[in-house]
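>>> Sequence plus predicted model, see below.
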Amino acid sequence: MTEFPKLLESIDDLTSQQIHSLISLAFHLKSSPSLGPPERNGSVLAAFFENSTRTKYSFLKAAWQLGLQGSDFPVEKSSLAKGESFGETLKALYHQGHGALVVRTPDENFFRPFRESPPLPLINAGNGMAEHPTQALVDLMTFQELMSSPQEKTFCLVGDIKHSRVAHSLTKLWAKMGIPFMTAGPRDWRDDSLDVPHALDIHEAIEGSDALYLLRIQLERHSGPPMNSEALAQYIQDFGVTASKLAAHKKCPLIFHPGPVQKGVELDGEAMNSQAYRGYDQVRNSTWLRASLLAHMIPEVRHGPWPL
Ligand code: CP
């Protein structure tokens, strides 16, 4: 396997072999719940310039699962607030001996200065509209677990594709791993770089796919006037998933969502409580996949009691 990257900014940074290795170790860790050793050298810091529940706390739990210490790095209380650059901050953290830094930022270009040689392993936990590579990797693990051969299934990515960093990583990952997919959603939110079939409404999406991957409307990333109530109602009618819409079809696809779900918009409460909804499987797998990633990226951890 080629050397694992020291900066994970994009799905483009990983080879197919590295992705297979990540997923394989994640399953191994998931099936070996008592891991050690707790005294392992290294710590993982999470610097989040935007809010998060799933990503931040799954990274902290993942560190703990490997016997590392995971700590929040509250950016507003750090010397960044005194004007210190992020580059200097990284060097200080490296010389303190931390194992890795996980960053969420609204800035799509945030990682650019560190592409050549980051002082310590650096992981993109979402950068603006650009990418959210670890969410896509968590999802791939979940697809493999629930659908065994996702390459033989068709996924439909539904909603605000253009403004979604999850969508940008996921479509790269699906293409890289040979997983067929289509899209559905309003014209203005399509990604014109994708040469895949497009469903005109949620009924076509349900008929044409084995799994729906729903996206939150990224209102905070829209330019122009805010979405009005008529446009929202039209979106819900055309692309919202409800239990009654699902019941109108003989087949019922699995339903994935990276969270947080806007209940009553992309998915109603009844559909969310059904067997079809697998969002909590994604959350459960997130700690194992991220533990696998940390084990691949932190040199001191690579040689732990796991097959790497
Ligand atoms: N999926 C995801 O990124 O969720 P959070 O914003 O809660 O981290």
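Nice, I can see it. Residues are numbered from 1 along each chain as shown.
>>> Neighbours of the closest residue to the ligand within the stretch 101-250 of the chain, how many?
Across the stretch 101-250 of the chain, the shortest distance to the ligand (C-beta to the nearest ligand atom) belongs to residue 135, at 5.1 Å. All C-beta spots, glycine's among them, are computed from the backbone N, C-alpha and C. Neighbour count of residue 135, defined by other C-beta atoms under 10 Å: 25.
>>> looking at it, it is touching residue 55, isn't it?
Yes: at 7.0 Å, residue 135 and residue 55 qualify as touching, with contact defined as C-beta atoms under 8 Å.
>>> Return every residue with contacts to both of these two.
Shared contacts of residue 135 and residue 55 (C-beta atoms under 8 Å, 6 or more residues apart in numbering): 126, 286.
>>> just to revisit the earlier point, show me the contacts for the residue of the stretch 101-250 of the chain closest to the ligand.
Neighbouring residues of residue 135 by C-beta under 8 Å, 6+ apart: 55, 126, 166, 169, 170, 258, 286.
>>> Show the subsequent helix or strand relative to the host helix or strand of it.
Taking DSSP states H and E as the criterion, the element that holds residue 135 is helix 133-147. For helix 133-147, the following helix or strand on the C-terminal side (DSSP H and E) is strand 155-158.
>>> Please export the C-alpha coordinates of that next one as CSV.
C-alpha atoms of strand 155-158 as CSV (Å, rounded to 0.1, in the frame of the first residue of the first chain):
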residue,chain,number,x,y,z
PHE,A,155,-28.0,4.9,-5.1
CYS,A,156,-29.9,8.1,-5.6
LEU,A,157,-28.5,11.2,-4.0
VAL,A,158,-31.5,13.5,-3.3
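>>> Could you check how many residues crowd around the closest residue to residue 125 other than its chain neighbours?
Leaving out its chain neighbours, the residue that sits closest to residue 125 by C-beta to C-beta, 6 or more residues apart in numbering is residue 104, at 4.2 Å. When neighbours are defined as other C-beta under 10 Å, residue 104 has 24 of them.
>>> Look up the residues forming beta bridges with residue 104.
residue 48 (DSSP bridges).
>>> so it sits right up against residue 53, yeah?
No: in this structure residue 104 lies outside contact range of residue 53 using C-beta under 8 Å: 11.5 Å.
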